[in-house]
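> Here is a sequence together with a model predicted from it:
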Amino acid sequence: MAHSDIQQQRHPALRMVLLIIGWLSVALGVIGIFVPVLPTTPFLLLAAACFVRSSRRFYLWLVEHPKLGPWIRDYLEGQGIPLKGKVYALVLMWASITLSCFLVPLPWARGFMLTSAVLVSIYILRQKTLRSH
């Protein structure tokens, strides 16, 4: 049975929910490119997973997109994250977390932000670094 046949057999309501989640994930992923504390790759991967189960056309659009596609393809192919991307993400994330810690007086909120930043930093640093082509 072809992949498109499987998509057509899905209940229309489920297909619509997957499309909505997919497009919401694309929007959050794009915002994440500019807002360091919002992760880009996980949202784009979620969008790809939703689209592959609901719309071949949107899936192909996403993975072949000149700006968004590489985020997904490089990660899925195990090539890693470009060094420039790692540095950019870490510097902007820590700058925004530091500023947020000064602006938010709640100790538990500061602890949550710092813990999140440390965990995301560890994750980013442990990822393979993509070699330049």
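Yep, it's here.

> okay, CA-based contacts and neighbour counts for the rest of this
Noted.

> doesn't Ala109 fall inside a strand?
No - checked against DSSP: H, G, I helix; E, B strand; the rest coil, Ala109 lies outside a strand; its state is helix.

> roughly how far apart are Leu18 and Arg110?
34 Å (Cα to Cα, to the nearest Å).

> The two: which is more packed in?
Neighbour count, other Cα atoms under 10 Å: between Leu18 and Arg110, Leu18 has more, with 21 against 18.

> Excluding sequence neighbours, find me the nearest residue to the more buried one.
Among residues not flanking Leu18 along the chain, Cys50 sits closest, at 5.1 Å (Cα to Cα, 6 or more residues apart in numbering).

> The helix or strand containing that neighbour: what's the following helix or strand?
Assigned by DSSP states H and E, Cys50 belongs to helix 41-54. With elements assigned by DSSP H and E, the helix or strand that comes after helix 41-54 is helix 56-64.

> can you give me the strands in the protein?
81-82, 129-130 (DSSP state E).

> Could you pull out the buried residues of the longest helix anywhere in the chain?
Ranked by number of residues, the top helix in the chain under DSSP state H is helix 12-34. Judged by neighbour count (16 or more other Cα atoms under 10 Å), helix 12-34 contains these buried residues: 15, 18-19, 21-26, 28-30, 32.

> what does stretch 40-59 give?
Those would be 40-48, 50-55, 58-59, for stretch 40-59 by 16+ other Cα under 10 Å.

> So what touches that stretch?
Applying Cα atoms under 8 Å, 6 or more residues apart in numbering, the set of residues contacting stretch 40-59 from outside is 4, 7, 10, 15-16, 18-19, 21-26, 28-33, 62-63, 68, 71-72.
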